[in-house]
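>>> Here's my sequence, what's the structure:
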Amino acid sequence: MDQLVLVNKQHPLKENYFRGVEMVETKDMDDGTVRVEKETFQHFLELQKFCKEKGIDIVISSAYRSLSDQQAIYDYYLEKEGEEYCEKYVAPLGCSEHHTGLAIDFYVKEEEKEEYPEADDEINTYEKYEQIHPFLKDFGFILRYPKGKEEITGYAYEPWHIRYVGKLVANLIDEQKYTLEEYKEHFSGVLVINKEKNMTSFDVVEEVSRLLGIKKVGHTGTLDPMAEGVLIVCFGEATKIGELITAYDKEYIAEAKLGMETDTYDTEGRVMKETEVPENLPIESVISSFQKTYLQEVPIYSAVKVNGKKLYEYAREGKPVELPKKEVTIQEIELLSHTKDTIKFRAKVTKGCYIRSLIHDIGKELGIGATMTSLVRTKQGNVSIEEANTLEDLKQGICHINSIEDVLPFPKIEVDTDLEFKIRNGVKLENTWNIKDKVLWKNQEGKLLGIYEVKEKQLRVWKNFHN
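Numbering: from 1, shown residues only. Sure, this is the predicted structure:
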């Protein structure tokens, strides 16, 4: 089930939506039977209990509707109120959120009234619904058709119509003051994840995409499954800056076993050689000697391509291949601790450096071999592991989203409407601002327009963003 499915007049519900959707039955305000998607209903019960503790009694007035139900409603109001009314308040067949089971119309009971008012009388009692709105996000709901957003949603303000999207997205939509349409189309950012062991970087990207309900997601520097720590994930328009973040220097804390070599350079591989570790090895001086720039051989178990084929494919097929070498710089390296046959060190390295290969090279220099046993990426650029969220945090609705401008160390310049027009159209500009590398342009509303770079003494478009 896609709990972030967008359903409106331009996006009718697809026929395959109901695969995996589990509905439950409950009673509506008239003691009739109504159906709601299971998770949505559970969170509505939590909202209902919370409101009850505050002296507010809410009940369901409408939830899931079949196509025939919606057609009957549309036909009724078309005959009674006319086409203009239906355009504002009633969804055409297949275009109602109520088809999903994720939408609920709720009613606030009032003790002094014995009967529920007619639906048409509701328009004058918005205040009793609006007292619930500040709490919706805490239970994973959004107000689906907010005031002032009619041109975006296609429907008039409905203070009683709420939609379940999960706590994470509900909080993000509330924070940005978005509608679901705006969130799906415009929401962009950079998320710092503390990756767990035994997950691939792609696994993390897939989970972030699922939790955010955004398809355009990518990471900025692969971490092996056995590695942990900082994995920067970009989504939406922020995927355009991924190559800049990938280029940032990275810091690691690594541990290795001495006297052992494997085909993968880590303990997940096949042991190729074991050597007795002698006493009094010059461990500290050898590790210090790697604070340098050198040509590092890429490990065969990696995704680097040679002749259009990934190296690990050669390894799995047992085919010989000449391993490429890349120039890397170990900017800082320090021994943190060691025993006779283990080492632990911190290293700050440039893009493209494999810590597995670094450990392998240290082992060769010591003359006994070495294999990585654990790896934690503690920093990428200026982003440290202390700022990272776990995937479990995201599931609980807890996360900090960085904007594009938060993570890029370039000047930010606000421009007038004339310059905004030129930037949006990629016009070359004279470098009257004395920019050295790149610059971020913002309009007077604070929206990011694009990034220009210095090229041949002019400022030329590097990336433009769509707002």
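
>>> Listing request: residues of the stretch 1-150 of the chain with sub-threshold pLDDT.
Residue ranges of the stretch 1-150 of the chain with pLDDT under 70: 1, 111-124.

>>> List the residues that contact the closest residue to Ser403 other than its chain neighbours.
Nearest residue to Ser403, sequence neighbours excluded (Cβ to Cβ, 6 or more residues apart in numbering): Gly189, at 6.0 Å. Bear in mind the C-beta positions are built from the backbone N, C-alpha and C, glycine included. By Cβ atoms under 8 Å, 6 or more residues apart in numbering, the contact set of Gly189 is 234-236, 238, 401-404.

>>> How about His11?
Applying Cβ under 8 Å, 6+ apart, we find His11 in contact with Cys95.

>>> Quickly note the distance from it to Val204.
Plainly put, His11 is 28 Å away from Val204 if you go by Cβ to Cβ, to the nearest Å.

>>> ditto for Leu244
Distance from Leu244 to Val204, by Cβ to Cβ: 20 Å.

>>> Same check on Ala370?
Using Cβ to Cβ, Ala370 is found at 28 Å from Val204.

>>> more crowded one of those two?
When neighbours are counted by other Cβ atoms under 10 Å, Ala370 and Val204 differ, and Ala370 comes out ahead with 27 against 21.

>>> Contacts only, for the spatially closest residue to the more buried one that is not a sequence neighbour.
The shortest distance from Ala370 to any non-neighbouring residue, by Cβ to Cβ, 6+ apart, is to Gly363 (2.9 Å). Applying Cβ under 8 Å, 6+ apart to Gly363 gives the contacts 256, 258, 261, 369-371.

>>> which parts of stretch 28-37 are buried?
Neighbour-count burial for stretch 28-37, counted by 16 or more other Cβ atoms under 10 Å, picks out 28-29, 34, 36-37.

>>> Show residues contacting it.
1, 3, 21-27, 44, 59-64, 100-102, 104, 107, 109, 116, 164.

>>> how about a cut-off of 6 Å?
23, 25-26, 59-61, 63-64, 101-102, 107 (Cβ atoms under 6 Å, 6 or more residues apart in numbering).

>>> And for stretch 373-393?
With contact meaning Cβ under 6 Å, 6+ apart, stretch 373-393 is reached by 192-194, 207, 227-230, 232, 248, 250-257, 267, 355, 399.

>>> swap in stretch 321-335?
Stretch 321-335 has contacts (Cβ under 6 Å, 6+ apart) with 284, 287, 290-291, 293, 295-298, 306, 314, 345-350, 352-353.

>>> and that stretch, C-alpha only, in CSV?
Presented in CSV, the C-alpha positions along stretch 321-335 are these (Å, rounded to 0.1, in the frame of the first residue of the first chain):
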residue,chain,number,x,y,z
VAL,A,321,41.6,-8.2,-14.8
GLU,A,322,44.2,-5.5,-14.3
LEU,A,323,43.0,-3.5,-11.2
PRO,A,324,43.0,0.3,-11.8
LYS,A,325,44.9,2.7,-9.5
LYS,A,326,43.6,6.0,-8.3
GLU,A,327,45.4,8.9,-6.8
VAL,A,328,44.2,9.4,-3.2
THR,A,329,45.3,11.6,-0.3
ILE,A,330,45.3,10.5,3.3
GLN,A,331,45.1,14.0,4.8
GLU,A,332,45.2,12.8,8.4
ILE,A,333,45.8,9.4,10.0
GLU,A,334,46.4,8.5,13.7
LEU,A,335,46.6,5.3,15.6
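
>>> Where does the prediction get shaky in the stretch 351-467 of the chain?
Where the stretch 351-467 of the chain drops to pLDDT under 70, the residues are 467.

>>> Could you rerun that using 50?
Within the stretch 351-467 of the chain, no stretch has pLDDT under 50.

>>> just so I have it, where are all the helices in it?
Assigned by DSSP state H, counting those that start in this stretch, the stretch 351-467 of the chain shows helices spanning 355-366, 391-395, 404-407, 417-424.

>>> Deepest-packed of those, please.
Highest mean neighbour count among the helices of the stretch 351-467 of the chain (mean count of other Cβ atoms under 10 Å): helix 355-366, with a mean of 22.

>>> how far does that one sit from the chain's center?
The chain centroid and the centroid of helix 355-366 are separated by 35 Å, computed with Cα atoms, centre = their mean, to the nearest Å.

>>> same thing with stretch 17-32?
Computed by Cα atoms, centre = their mean, the separation of stretch 17-32 from the middle of its chain amounts to 30 Å.

>>> CA atoms only: put it into CSV for me.
Extracted in CSV, the C-alpha atoms of stretch 17-32 (Å, rounded to 0.1, in the frame of the first residue of the first chain):
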residue,chain,number,x,y,z
TYR,A,17,-3.8,0.4,-5.5
PHE,A,18,-5.7,-2.0,-3.3
ARG,A,19,-3.1,-4.8,-3.5
GLY,A,20,-2.0,-5.2,0.2
VAL,A,21,-4.6,-2.7,1.6
GLU,A,22,-6.3,-4.0,4.7
MET,A,23,-9.6,-2.4,5.7
VAL,A,24,-11.4,-2.6,9.1
GLU,A,25,-15.0,-1.9,9.8
THR,A,26,-16.2,0.6,12.5
LYS,A,27,-19.3,2.7,13.2
ASP,A,28,-19.8,6.2,11.9
MET,A,29,-21.6,9.1,13.7
ASP,A,30,-25.0,7.7,12.6
ASP,A,31,-24.2,4.2,13.9
GLY,A,32,-23.8,3.0,10.3
